[in-house]
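Chemist: below are the sequence and a predicted model; questions follow.
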Amino acid sequence: MAHGTLMEFTDSTFSNDVLQSDLPVVVDFWAEWCGPCKMLTPIFEALSVEFEGKIRMGKVNVDDNPQIAAKYGIVSIPSLLFFNRGTIAEQHTGLMAQAALKAKINKVFKL
């Protein structure tokens, strides 16, 4: 599912790719059957290109990676978690417009 600069995080890679990342990370928790998740994907992909080198962006399929979804209490999707140095700095549940998500990323990570 990863496209361009968009990463795919799994139960086994999450700690290394997200929690130990030198860059801030935005994680999109999603599933194939989720309509709003599919609507968010092209927005997320476009922003991952725009913010390349400044932040890392990736997705976690909750059906394939239930451990990490459970660890962070993900019950509604899409859910976005904003990590800075391994700590959740912000979270958002639901679809976001591209401009709103870009503004939130800039605000949360002070870019």
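Modeler: Cool, got the structure.
Chemist: and the strands in this protein?
Modeler: 7-8, 25-30, 56-61, 79-84, 87-93 (DSSP state E).
Chemist: got TSV for those, with distance to Glu45 too?
Modeler: All C-beta atoms are positioned from the backbone trio N, CA, C, and that covers glycine. Shown next, in TSV, are the strands of the chain (distance: least, CB to CB, whole Å):
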stretch	distance to Glu45
strand 7-8	11
strand 25-30	10
strand 56-61	8
strand 79-84	14
strand 87-93	17
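Chemist: for those strands, give me TSV that also has mean pLDDT.
Modeler: Shown next, in TSV, are the strands of the chain (pLDDT from 0 to 100):
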stretch	mean pLDDT
strand 7-8	94
strand 25-30	98
strand 56-61	97
strand 79-84	98
strand 87-93	97
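Chemist: right, and those - which one's nearest Ala100?
Modeler: The minimum distance between Ala100 and the strands of the chain falls on strand 87-93, with 9.1 Å, by CB to CB.
Chemist: partners of the residue sitting nearest the centre point of the chain in the sheet?
Modeler: The centroid of the chain falls nearest to Val27 when counting by CA atoms, centre = their mean (1.7 Å). Counting by DSSP bridges, Val27 forms beta bridges with Gly58, Leu81.
Chemist: hang on, it packs against Leu81?
Modeler: Yes: at 4.7 Å, Val27 counts as touching Leu81 under the criterion of CB atoms under 8 Å.
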